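K.L.:
coords below, sequence missing:
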């Protein structure tokens, strides 16, 4: 096995067991890249679960090639994504959880980043890294601003897209927040899960490259499915905000966003300036970010 940074964190604490789930029910052409980006880091305490439904011979061929490194289970064909993920997480053993879809990839040594941050800072319950993307041919590109998060700003709509491919959480948080993804929201079940996480813990941004998604021609277009996803997310956020006493500014902001959404030119200006303002303006509701300093992870405002 290739020598890597070791089985301890930067601060010398044992590295936690990380469970990564990949729902391999589509995207066969990019599945192997996802597997390789994870397996070949040689993280010493990894549980890698791949879910597949047995409908693709190519998928089975790829998984057979890497079976010594994987734990995977069959799920019934056409099983809904969130239900399949719930099945896998229920059978997992990791202290730290996350999932990658085919096409998502981890950056070099990012499992050591994840493990050592959680080992060094035991009060942190979920983290997200600096977002970036991979080009269609797999080159890391599009490194973005280090996003900062707070519950109220998230619900207000300043930024509804937490990058799942670079976000990981403790099993204790998963269990306190219900221990499953809601299956009635389809793909927006991920958003609803993050809403519940915010009820229990602050999301800390780590100034490091962890994971990214592969871009495809046209995958940012305003498709019907994308619009439906946003509509469901907005409905979830509205319900959550309605149950919070106060939060008047956030509720007003959402009402204004709905009003201007019907005026294309105003909507573009609103998204460019107003939404970015509440997203980027520093405030006391921001938790400190996590940065590496010499041989340890520290908080930095």
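P.N.:
Structure's in. What do you need? Computed from a predicted model, the values in this text were never measured in an experiment.

K.L.:
now do the helices in the chain.
P.N.:
Secondary structure of the chain (DSSP state H): helices at 28-39, 57-65, 81-91, 110-120, 151-156, 171-176, 189-198, 224-242, 248-260, 264-269, 276-280.

K.L.:
nearest to residue 297, out of the ones you listed?
P.N.:
Of all the helices of the chain, helix 110-120 sits nearest to residue 297, with 4.6 Å by C-beta to C-beta. (Each C-beta comes from the backbone N, C-alpha and C, glycine too.)

K.L.:
where in the stretch 151-300 of the chain is pLDDT low?
P.N.:
Filtered on pLDDT under 70, the stretch 151-300 of the chain yields the residue ranges 216-224.

K.L.:
which residues touch the closest residue to residue 45 other than its chain neighbours?
P.N.:
Residue nearest to residue 45 in three dimensions, not counting chain neighbours: residue 17, with 4.6 Å by C-beta to C-beta, 6 or more residues apart in numbering. Contact analysis of residue 17 by C-beta atoms under 8 Å, 6 or more residues apart in numbering lists 45, 46, 47, 93, 94, 95, 96.

K.L.:
7 Å instead, please
P.N.:
45, 47, 93, 94, 95 (C-beta atoms under 7 Å, 6 or more residues apart in numbering).

K.L.:
in the residues you listed, which residue is surrounded by the most others?
P.N.:
Ranked by neighbour count (other C-beta atoms under 10 Å), the contacts of residue 17 have residue 94 at the top, with 21 neighbours.

K.L.:
didn't that one look like it was pressed against residue 15?
P.N.:
No: between residue 94 and residue 15 there is no contact under C-beta atoms under 7 Å: 11.3 Å.

K.L.:
ok, residue 205 - how many residues close by?
P.N.:
Each residue near residue 205 was counted by other C-beta under 10 Å, and the total is 21.

K.L.:
ok, the residue lying closest to it once chain neighbours are set aside - contacts?
P.N.:
Nearest residue to residue 205 in three dimensions, chain neighbours excluded: residue 289, at 4.7 Å (C-beta to C-beta, 6+ apart). Neighbour list for residue 289: 146, 148, 204, 205, 207, 300 [criterion: C-beta under 7 Å, 6+ apart].

K.L.:
what about residue 289, distance to residue 202?
P.N.:
Distance, residue 289 to residue 202, using C-beta to C-beta, to the nearest Å: 11 Å.

K.L.:
which parts of the stretch 1-150 of the chain are strands?
P.N.:
18-23, 46-52, 71-74, 96-99, 105-106, 126-128, 132-134, 140-141 (DSSP state E, counting those that start in this stretch).

K.L.:
out of those strands, which is closest to residue 80?
P.N.:
Counting by C-beta to C-beta, residue 80 lies closest to strand 18-23 out of the strands of the stretch 1-150 of the chain; the figure is 10.1 Å.

K.L.:
so which elements touch the closest one?
P.N.:
If contacts are counted by 3 or more C-beta pairs under 7 Å, 6 or more residues apart in numbering; DSSP states H and E, strand 18-23 sits against strand 46-52, helix 81-91, strand 96-99, helix 110-120.

K.L.:
rerun at 10 Å
P.N.:
helix 28-39, strand 46-52, strand 71-74, helix 81-91, strand 96-99, helix 110-120, strand 167-170 (3 or more C-beta pairs under 10 Å, 6 or more residues apart in numbering; DSSP states H and E).

K.L.:
just the pLDDT for the residue nearest to residue 45.
P.N.:
Per-residue pLDDT puts residue 17 at 98.

K.L.:
list phi and psi for it.
P.N.:
phi -80, psi 130 (degrees, to the nearest 10).

K.L.:
now it: how far from residue 127?
P.N.:
The value you get for residue 17 to residue 127, if C-beta to C-beta is used, is 16 Å.

K.L.:
likewise residue 115?
P.N.:
In terms of C-beta to C-beta, residue 115 sits 11 Å off from residue 127.

K.L.:
over to residue 22?
P.N.:
Using C-beta to C-beta, we find residue 22 at a distance of 19 Å from residue 127.

K.L.:
again, but for residue 259
P.N.:
Residue 259 is 35 Å from residue 127, by C-beta to C-beta.
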